[in-house]
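*Asks:* prediction below, plus the sequence it came from.
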Amino acid sequence: MHGTNDSLNGSILPQDENQTTGFWKRLVQIGNSWKTFPYPTGLKKDKPESTSPSTPTEEPEETLGESLKRKIYGAEDLDLHDILRSTWKITWSERQLLIDKNEKILEITKRFHKPFENITESSSIVDQVDVIKEFCSHFPINDTLNKTLEKYLENARLYNDPKYIISAYTCHSEFSKRLNAHLATNAYHFIKLYCTILNCPTLHLTKDYVDAFTYIIFHPKLKEYRVKSEKVYRGSVFDDENLIKELQPGKIILTTTYLSTTRDPEVAEFFCAVDRNDSKKISVFCTFALHNTPGCSALDIGKLSQFAAEEEILLLRYVPFKIVSVKRAEQDGRIDIYFEEYAENVLDPNQSESNNHNSIPMHNIQPGFGRLSSADIQDELNDSCL
């Protein structure tokens, strides 16, 4: 449970030693069955060391399941944090997922928001801050800004004030980069691979941490910073146009990370400026039209940010957008993409049911609401995330 000395694993693993052993055996079985699953984009792969000095031969690429199996069999103490320890750069294509209409995107977003609807002004964030601090201890940042980050986290806990969490997010780029990397991986496994927290080590590891941060972001004490019915902008520079080639008019995306945008289009222009003599750089200017939707889609964090002049608007996770237009300027080749928040009135009534049958409903995985029962554990162990 949160706020104790229990490890993150203690929040969902059965307390009985035999059940715990059975859990890991089940993970091995899942690893055996993952014969065709590739690694998720951006996830660092580590190859097994060669046991022979003979001339290396070309071998098939190791899959995610095969890697998991090797780690479980090859180490006396398996550290699941190794799966996420790398701090890879999150690309544009990984910050959001293209969603097929038959996956009922509005249902996904509603289920995401539901666990946080009952948070009140008096709700404590102490347990959630403790979860974040514990998780971050597995990914230490050793630089001069780390003490500033730790101070913000401690103040958030001491004063029960979520604004300090926003300040922590903006004060240290490495912290926000790692957080968004874990958020993107978590969403990819949940939505695209149909994983559950009991048959997927990645979800098992990130669940409490991801939910804790989201809980704080949705706290009513931040209500005054929520943004409705406004246009915001984001500028980016890419080395490879293939990263955005699938963004075509009419398609739907779902944000999987926290995305920095600005009220000021000139600020966005600055971030997508490129040298005209460098033909390899691709400038992308994005406009996001936010609507007055019931859920919380964005926060105005300009006054809480370390960079107030940028007038930053933070787009939140699980916000659906429809791509309205994609245009390329003839003069400089800049690509302009216009996104419109996807709302009830544009929902296709002919959408089929969600095919995410294996995923645990999000209202059952909220932080701080008790352990899973033995029956729930057994049911989930009987399912695979395939």
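*Replies:* Received, thanks.

*Asks:* how about the helices of the stretch 51-200 of the chain, start to end?
*Replies:* 64-74, 105-113, 126-136, 146-159, 163-171, 173-187 (DSSP state H, counting those that start in this stretch).

*Asks:* now these in JSON lines, with distance to residue 257 and mean pLDDT?
*Replies:* Heads up, the C-betas are built off the backbone N, CA and C, glycines and all. Output for the helices of the stretch 51-200 of the chain, formatted as JSON lines (distance: least, C-beta to C-beta, whole Å; pLDDT from 0 to 100):
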{"stretch": "helix 64-74", "distance to residue 257": "21", "mean pLDDT": "50"}
{"stretch": "helix 105-113", "distance to residue 257": "14", "mean pLDDT": "85"}
{"stretch": "helix 126-136", "distance to residue 257": "16", "mean pLDDT": "93"}
{"stretch": "helix 146-159", "distance to residue 257": "18", "mean pLDDT": "93"}
{"stretch": "helix 163-171", "distance to residue 257": "11", "mean pLDDT": "93"}
{"stretch": "helix 173-187", "distance to residue 257": "4", "mean pLDDT": "87"}
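
*Asks:* how about the strands of the stretch 151-300 of the chain, start to end?
*Replies:* Using DSSP state E, counting those that start in this stretch, the strands of the stretch 151-300 of the chain run over 231-238, 252-255, 259-262, 282-289, 298-300.

*Asks:* Throw the ones you listed into JSON lines and include mean neighbour count, mean pLDDT and distance to residue 152, thanks.
*Replies:* Formatted as JSON lines, these follow (neighbours: other C-beta atoms under 10 Å; pLDDT from 0 to 100; distance: least, C-beta to C-beta, whole Å):
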{"stretch": "strand 231-238", "mean neighbour count": "20", "mean pLDDT": "93", "distance to residue 152": "24"}
{"stretch": "strand 252-255", "mean neighbour count": "22", "mean pLDDT": "91", "distance to residue 152": "24"}
{"stretch": "strand 259-262", "mean neighbour count": "22", "mean pLDDT": "94", "distance to residue 152": "18"}
{"stretch": "strand 282-289", "mean neighbour count": "20", "mean pLDDT": "94", "distance to residue 152": "27"}
{"stretch": "strand 298-300", "mean neighbour count": "21", "mean pLDDT": "95", "distance to residue 152": "16"}
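
*Asks:* returning to that earlier point: which one of the helices of the stretch 51-200 of the chain lies closest to residue 325?
*Replies:* Minimum separation from residue 325 across those (C-beta to C-beta) falls at helix 105-113, 19.5 Å.

*Asks:* which helices and strands does the closest one pack with?
*Replies:* Using 3 or more C-beta pairs under 8 Å, 6 or more residues apart in numbering; DSSP states H and E, the elements in contact with helix 105-113 are strand 252-255, strand 320-328.

*Asks:* again, only using 6 Å
*Replies:* Packed against helix 105-113 by the contact rule (3 or more C-beta pairs under 6 Å, 6 or more residues apart in numbering; DSSP states H and E) you find no helix or strand.

*Asks:* so for it, what gets flagged as buried?
*Replies:* Using 16 or more other C-beta atoms under 10 Å as the test for burial, helix 105-113 gives 105, 106, 108, 109, 111, 112, 113.

*Asks:* on that earlier part again, can you tell me which of the strands of the stretch 151-300 of the chain comes nearest to residue 320?
*Replies:* strand 252-255 (5.3 Å).

*Asks:* quick one, grab the pLDDT at residue 226.
*Replies:* If you check residue 226, the pLDDT there is 94.

*Asks:* that one against residue 295, yeah?
*Replies:* No - contact status for residue 226 versus residue 295: not in contact, 9.8 Å apart, counting by C-beta atoms under 6 Å.

*Asks:* tell me which of the two has more neighbours.
*Replies:* Higher neighbour count among residue 226 and residue 295: residue 295, with 19 against 15, using other C-beta atoms under 10 Å.

*Asks:* how about CSV for the buried residues of helix 105-113, with distance to residue 232 added?
*Replies:* Below are the buried residues of helix 105-113 laid out as CSV (distance: C-beta to C-beta, whole Å):
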residue, distance to residue 232
105, 20
106, 21
108, 22
109, 18
111, 25
112, 21
113, 20
